[in-house]
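# okay, predicted coordinates and the sequence, questions at the end:
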Amino acid sequence: MTFPVEPNSGSNAADSPVSRRPRHSKKRYRARRHRVRNSAIIFVGVLILIGAVGYGYARFRYGQIKKLTVGNLTTPQANQPMNILIVGSNSRAVLNGKQAAAFGTAQQVGGARSDVTMILHLDPATGQASLVSIPRDLFMPIPGSTLSNRVDSALNQGPSQLVKTVEQDLGISISHYVEVNFDSFQSIVNTLGGLHMYFPYPVKDAYSGLNVQTTGCHYLNGTQALQVVRARHLYYKTASGTWVEDPLGDLSRIRRDHEFMRVLFASVKQKGISNPLTLNAILSSVVPQLKVDSGFSLGDMVSIASKFRHLNPNTIPTATLPVALVNNYVYNGANYGDVVFPAEPQDLSVVNKYLSIPQPNISKSSFSISVLNGTGQYLQAAKVATALKADGFTINSTGNTKVLGNNLETIIRYRPGYLAQARVLRNSLSGAIIMGNLATTSGPPVQLVTGTTLTVAPPVTASSSQATSSSSAASKGGSSTTQATTAPITLPATQSVNPLQPWDPRACPSG
């Protein structure tokens with residue numbers, strides 16, 4: 001599976017006429033599509049290392065971290081859980097000549113995209129942590145725009161826009177923002193003197209340069225380790241000698257990179273914390289590459305390091321938002337290549353489990369909803385409105401809106417201050433459901449724009465339905481559903497936690 005270069009590259013806004021954009025050359029395409037998914041482990045490691053050094057030295061290193069003005073952050077109450085948005089930026093502005101030759105220059109790959117977007121959830125009261133990855137190709141409404149785009153494009157308009165996108169579209173409050181450029185990754189591995197990983201199958205990726213022809217435990221320097229975590233076009237060699245491609249591309253890379261994070265941290269813990277010289281070298285290579293929101297003080301970091309000093313990233317529960325792949329997605333007249341849609345109620349289940357988002361206690365009838373037909377399907381808005389009314393919601397009006405494609409998400413748009421109400425509505429829907437801001441200040445505070453596949457009233461359990469089975473779920477539950485005129489999803493919704501596959505690199509066996 002390949003992922004064509006996304007429209008609207010560079011520094012252009014989400015509303016740009018993306019269909020008129022020329023495609024990049026294969027060299028630029030390869031540079032654009034291969035990044036590093038190491039940001040969370042780097043930041044968690046830095047926090048733990050801060051807890052291992054004196055305050056004066058920590059203050060010196062904190063002064064080297066670049067501070068950013070980031071809006072839309074939510075200040076947590078004392079000793080309450082917090083969510084830290086950790087971003088791996090693909091900006092080429094900081095690369096030296098050799099690195100730019102490998103990954104592309106700032107002129108070739110303009111702007112900054114969030115190659116990796118993760119939410120680190122910390123609960124000071126329990127000392128527990130969890131980590132949720134947001135797939136970079138997740139198609140979402142962009143705040144301030146009437147259109148949608150990949151979530152990674154939001155960073156192109158600044159960190160505040162990315163924070164706002166995550167908060168508004170997923171309903172997840174963000175307390176702090178951390179950004180790491182992938183340039184720091186190779187330095188950490190090389191500072192540690194390299195590391196070892198076990199390869200149960202021969203694997204290769206022509207795009208990342210990965211080429212391991214023998215099985216067993218292999219030594220990796222910084223460049224070779226980078227090839228492993230960049231591999232999203234991975235092939236593995238079977239016992240018969242046939243090379244087979246891993247079919248899920250970037251989604252599989254998330255799985256492999258979670259394992260790599262564990263291997264990397266084990267090496268940092270073994271070689272870094274116990275050796276002052278190595279510790280200093282690691283911090284000196286990582287800290288200058290960190291960017292944090294200006295409100296993330298040294299006191300905050302020291303407090304987190306103190307409360308979570310016994311945290312072992314190897315045991316941090318990790319998950320990825322379940323999604324469904326849509327191939328060659330045509331939206332508003334432009335081909336976006338392969339994108340991924342959200343999958344409800346699976347996504348809601350992951351957010352509740354790993355991020356501990358409190359459920360709204362609001363009556364369904366306490367707010368009004370307008371329902372707009374976003375697909376052009378015959379009487380879709382009226383049918384959905386009838387089902388919602390039967391489910392206890394108050395329907396203000398129905399109508400039509402511009403049809404932007406054949407395969408469309410259902411979007412719940414809401415005015416500021418009505419996020420909880422929007423979440424109540426989302427909890428009663430299944431399918432490709434996403435939230436977004438509502439530009440108008442008049443009319444009902446919540447607006448439902450119907451998508452191609454939509455079921456009112458979710459299945460009893462998240463596991464009882466896939467994103468493609470809305471009609472069968474509705475027939476079993478007796479709720480109303482709208483039938484898809486075309487198949488919007490080419491693969492079932494992915495699982496939130498996928499075990500390593502037999503061909504995936506992993507930690508070397510002990511001994």
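Here it is on my side, so go on. The model shown is predicted, which means the values in this text are computed figures rather than measured ones. Numbers count the residues shown, from 1 in each chain.
# the lengthiest helix in the chain: which residues count as buried?
Looking across the chain with DSSP state H, the single longest helix is helix 250-271. For helix 250-271, a neighbour-count test (16 or more other C-beta atoms under 10 Å) marks 250-265, 267-269, 271 as buried. C-beta coordinates here come from the backbone N, C-alpha and C atoms, glycine included.
# assumed Tyr198 was part of a strand.
Yes: Tyr198: assigned to a strand according to DSSP: H, G, I helix; E, B strand; the rest coil.
# look up how far Asp504 lies from it.
Counting by C-beta to C-beta, to the nearest Å, the gap from Tyr198 to Asp504 is 10 Å.
# give me the more crowded residue out of the two.
Neighbour count, other C-beta atoms under 10 Å: between Tyr198 and Asp504, Asp504 has more, with 22 against 15.
# enumerate the beta-bridge partners assigned to Ser397.
With DSSP bridges applied, Ser397 shows beta-bridge pairing to Ser370.
# assess the claim that Ile119 and Val87 are in contact.
No: shown here, Ile119 and Val87 do not form a contact pair, counting by C-beta atoms under 8 Å, at 10.3 Å.
# neighbour count winner among the two?
More neighbours surround Val87 than the other of Ile119 and Val87, with 26 against 22 (other C-beta under 10 Å).
# what mean pLDDT does the strand or helix carrying that one have?
Per DSSP states H and E, Val87 falls inside strand 82-89. Regarding strand 82-89, the rounded mean pLDDT is 89.
# pLDDT below threshold where in the stretch 251-400 of the chain?
272-274, 313-314 (pLDDT under 70).
# and the gap between the nearest residue to Thr191 once chain neighbours are set aside and Ile188?
Distance criterion C-beta to C-beta, 6 or more residues apart in numbering; nearest residue to Thr191, sequence neighbours excluded, is Ala281 at 4.6 Å. Ala281 is 9 Å from Ile188, where distance means C-beta to C-beta.
# wait, what's in contact with Cys210?
For residue 210 the amino acid is Leu, not Cys. Shown in contact with Leu210 (C-beta atoms under 8 Å, 6 or more residues apart in numbering): 203-204, 224, 227-228, 230-231, 234.
# put together a markdown table for the residues you listed, with pLDDT and distance to Ser510 on each row.
Listed next are the contacts of Leu210 as a markdown table, based on pLDDT from 0 to 100; distance: C-beta to C-beta, whole Å:
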| residue | pLDDT | distance to Ser510 |
| --- | --- | --- |
| Val203 | 97 | 22 |
| Lys204 | 97 | 27 |
| Gln224 | 91 | 22 |
| Gln227 | 89 | 25 |
| Val228 | 90 | 20 |
| Arg230 | 82 | 27 |
| Ala231 | 88 | 25 |
| Leu234 | 95 | 26 |
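# tell me which two in these are the farthest apart.
Gln224 and Leu234 (14.5 Å; C-beta to C-beta).
# between the two, which one's more packed in?
Remark: of Gln224 and Leu234, Leu234 carries more neighbours, 24 against 19, as counted by other C-beta under 10 Å.
# all helices of the stretch 51-200 of the chain, in order?
In the stretch 51-200 of the chain, the segments counted as helices under DSSP state H, counting those that start in this stretch are 55-62, 97-103, 159-170, 183-191.
# related to what we said a few turns ago, out of Ala281 and Ile188, which sits in the busier spot?
A direct count of neighbours by other C-beta under 10 Å for Ala281 and Ile188 places Ile188 higher, at 24 against 17.
# and the more buried one, how close does it get to Pro505?
Separation of Ile188 from Pro505 (C-beta to C-beta) stands at 18 Å.
# before we move on, what about Leu147?
From Leu147 over to Pro505 (counting by C-beta to C-beta), the distance is 39 Å.
# with neighbour numbers in mind, choose between those two.
When Leu147 is set against Pro505 and neighbours are counted by other C-beta under 10 Å, the residue ahead is Pro505, at 25 against 16.
# which ones are touching the closest residue to the more buried one other than its chain neighbours?
Computed as C-beta to C-beta, 6+ apart, the closest residue to Pro505 that is not its neighbour in sequence is Met197, at 4.7 Å. The contact partners of Met197, by C-beta under 8 Å, 6+ apart, come to 217-218, 220, 225, 228, 260, 263, 505-508.
# give me the subset of these lying in helices.
Using DSSP H, the contacts of Met197 in helices are 225, 228, 260, 263.
# ok, those residues vs Arg309, which is closest?
Nearest to Arg309 among these, counting by C-beta to C-beta, is Val263 at 21.6 Å.
# wait, the closest one touches Leu195, no?
Yes: counting by C-beta under 8 Å, Val263 touches Leu195, with 6.1 Å between them.
# surely Ile395 forms part of a strand?
Yes: assessed with three-state DSSP, Ile395 lies in a strand.
# for it, grab the count of nearby residues.
When neighbours are defined as other C-beta under 10 Å, Ile395 has 19 of them.
# distance of it relative to Ile84?
If you measure Ile395 against Ile84 using C-beta to C-beta, the figure is 39 Å.
# name the residue closest to the centre of this structure, please.
Centroid check for the chain by C-alpha atoms, centre = their mean gives Ile134 as the closest residue, at 1.6 Å.
# need the nearest residue in space to that one, chain neighbours excluded.
For Ile134, ignoring the flanking residues on the chain, the nearest one in space by C-beta to C-beta, 6+ apart is Thr117 at 4.4 Å.
# what's that neighbour in contact with, if anything?
85-88, 133-134, 136, 151-152, 162, 166.
# between the residues you listed, identify the one with the most neighbours.
Leu162 (29 neighbours).
# mind checking pLDDT for that one?
Note on Leu162: pLDDT of 94.
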